[in-house]
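*Asks:* Would you be able to build a 3D model of this:
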Amino acid sequence: MTTHTIDESLDDAHHDHKMKGIKRWLYTTNHKDIGTLYLWFSFIMLLTGGALAMVIRAELFQPGLQIVEPDFFNQLTTVHGLIMVFGAIMPAFTGFANWMLPMMIGAPDMALPRMNNWSFWILPFAFAILLSSFFMESGAPNFGWTFYAPLSTTYSNGSTAFFVFAVHIMGVSSIMGAINIVVTIMNMRAPGMTYMKMPLFVWTFFIMAYLLIAVMPVLAGVVTMVLTDTYFGTSFFNAAGGGDPVMFQHIFWFFGHPEVYIMILPAFGIVSTIIPAFARKKLFGYSSMVYATGSIALLSFIVWAHHMFTTGMPLFGELFFMYCTMLIAVPTGVKVFNWVATMWRGSMTFEVPMLFSIAFVILFTIGGFSGLMLALTPVDFQYHDTYFVVAHFHYVLVTGSLFSIYAGAYFWLPKWTGHMYSDSLSKWHFWCSLISVNLLFFPMHFLGLAGMPRRIPDYALQFADFNKWVSIGGFAFGLSQLIFLAVVIKCIRGGNKAPAKPWDGAEGLEWTVASPAPYHTFSTPPKVD
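*Replies:* Residues are numbered from 1 along each chain as shown. Sure, this is the predicted structure:
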């Protein structure tokens, strides 16, 4: 990237802060403003998706139909999944990337600031389209967030086209965000920052961005095939016309499995920044962490059919996907070992970011173990499509991805706002979330082992007691997130002024390279704080 274009982007950034009110946010090309927009949007989507989940849990509080019809229940599970994956977790990580990457690599801004603005502002429209389908005559999509054919084609309701359009827009946003991350990291690192000197945070986002660029077009392809099957008479997934409904699952999961790692790799980067800070030690095994991240990303492309053991694949195929899936446990185990080794004999203190990070390591590992159980083909035949699977992926995505997002938010809030947040209120948020999230998801393992299928609005009497506790945990967890909202608003509005190094004595911010001064020609390396 030439000095001239850096100057232009700095001019854009200066221009942003001259604008006031709504214009500043609509036209901004400043990476910090766009990061803030992404983070607020993802939190609003988290509360929206969470509200849908609470209706689901209210329906399942006891057996018998209580508050919603079965078809509406299916609409809720579908939209809840789509909002949480594409609206809450992924935009939150893009927000972290926007805020922190330029500062960590010594760049003045993201490489493509105007595309950055566009990639954010198309997102609210995508979710407005998706949520508007609730108010249509046909209702919202009701075929599950994985939209298996023929549920999403032959038997879908009238909102399929809106769903497809919304997913396309989300995909375009993700691809643009990912291109921006790759170009920024490759072209705008401070002099002397080689790849193996990059913070692990930067590495994880770099690899995540490559995964996004690789698999988002696959999702675009499969939703387009769903669209043409539904409205244009094609037969990609219709056996009567020579198609194959199982082919849908192959294409979807070829996107879907790397997508799972897109949602967890940045979490590894955030936690790998926070644990060394509060253990007051360097991260143990930096290069092994980089190679483990790369290995996980590569392996994620050859394990997709472990979601499909019950579709009748040949024995060789089942064995191949079983062993490849179990192999992913190796680099993941390396990571967990390194985090524990970093904490081992460190001078640890337990501020809220560290509490969330430690909870992440323990609870994500539980999610990993249940994933290893699901990888065993003969066992998966019993677990498939039961609440055991629901427990597994929520341990990975809630106590994994979401807890890391909270850890990162608490870690960098002082840097972002200039104020320290309320320590007591944030600890309330942590403990309420930790207790309620386990009450919510842990009993689901037992429900699944006892044979309760997922995505059903009603169930047999023997599942009643566990479901009651799960629902109580769900409501407690949902309400706990309002404490976080209070913490953030209070922090933005004021509070104690944050010192230059908020975590006194913690070297967590050592990875933040000072951004070059405006019109810097890169003739000398920038000084590191």
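
*Asks:* tell me, how many neighbours does Tyr27 end up with?
*Replies:* Using other C-beta atoms under 10 Å, the number of residues around Tyr27 comes to 16. For glycine as for every other residue, the C-beta is placed from the backbone atoms N, C-alpha and C.

*Asks:* now it: how far from Met115?
*Replies:* Tyr27 sits 14 Å away from Met115, taking C-beta to C-beta, to the nearest Å as the criterion.

*Asks:* Overlap of the contact sets of these two?
*Replies:* Counting by C-beta atoms under 8 Å, 6 or more residues apart in numbering, no residue touches both Tyr27 and Met115.

*Asks:* Please work out how many residues are found near the spatially closest residue to Val79 that is not a sequence neighbour.
*Replies:* Excluding its sequence neighbours, the residue lying closest to Val79 (C-beta to C-beta, 6 or more residues apart in numbering) is Ala140, at 5.3 Å. When neighbours are defined as other C-beta under 10 Å, Ala140 has 24 of them.

*Asks:* Report the secondary structure state of Ala140.
*Replies:* Three-state assignment for Ala140 (DSSP: H, G, I helix; E, B strand; the rest coil): coil.

*Asks:* what's the single longest helix in this protein?
*Replies:* Residue-count comparison of every helix in the chain, with assignments taken from DSSP state H, identifies helix 200-231 as the longest.

*Asks:* before we move on, back to that, show me the contacts for the residue nearest to Val79.
*Replies:* If you count contacts by C-beta under 8 Å, 6+ apart, Ala140 has them with Gln75, Thr78, Val79, Leu130, Leu131, Ser133, Phe134, Ser159.

*Asks:* With Phe61 instead?
*Replies:* Listed by C-beta under 8 Å, 6+ apart, the contact partners of Phe61 are Asn467, Lys468, Ser471.

*Asks:* Tell me how far it lies from Ile472.
*Replies:* 8 Å.

*Asks:* Over to Ile274?
*Replies:* For Ile274, the distance to Ile472 - C-beta to C-beta - is 31 Å.

*Asks:* of the two, who's got more company?
*Replies:* More crowded of Ile274 and Ile472, by other C-beta under 10 Å: Ile274, with 28 against 15.

*Asks:* Assess the claim that that one and Glu351 are in contact.
*Replies:* No - contact between Ile274 and Glu351 fails when scored by C-beta atoms under 8 Å: they sit 9.2 Å apart.

*Asks:* Give the other helices and strands that the helix or strand harbouring Ile274 contacts.
*Replies:* When elements are assigned from DSSP states H and E, Ile274 belongs to helix 265-279. Under the contact criterion of 3 or more C-beta pairs under 8 Å, 6 or more residues apart in numbering; DSSP states H and E, the helices and strands touching helix 265-279 comprise helix 90-105, helix 200-231, helix 286-299, helix 315-343, helix 352-375, helix 403-417.

*Asks:* so which of those gets nearest Leu37?
*Replies:* Nearest to Leu37 among the helices and strands packed on helix 265-279 is helix 90-105; the distance by C-beta to C-beta comes to 7.5 Å.

*Asks:* which parts of whichever helix or strand comes after the closest one are buried?
*Replies:* Using DSSP H and E, the helix or strand that follows helix 90-105 towards the C-terminus is helix 113-121. Of the residues in helix 113-121, those scored as buried under the neighbour-count criterion (16 or more other C-beta atoms under 10 Å) are Pro113, Met115, Asn116, Asn117, Ser119, Phe120, Trp121.

*Asks:* Check the fifth one and give its pLDDT.
*Replies:* The score at Ser119 is 97. That number is its pLDDT.

*Asks:* How about the secondary structure of the closest residue to it other than its chain neighbours?
*Replies:* Using C-beta to C-beta, 6+ apart and skipping residues adjacent in sequence, the residue nearest Ser119 is Met176, 3.7 Å away. Reducing the assignment at Met176 to three states with three-state DSSP gives helix.

*Asks:* now do Phe284
*Replies:* Here Phe284 takes the coil state, with states given by three-state DSSP.

*Asks:* Give the full set of residues in contact with the residue nearest the centre of the chain.
*Replies:* Most central in the chain under C-alpha atoms, centre = their mean is Ile89, positioned 3.0 Å from the mean C-alpha point. For Ile89, the set of contacting residues under the criterion of C-beta under 8 Å, 6+ apart consists of Ser42, Met263, Leu397, Ser401, Leu402, Ile405.
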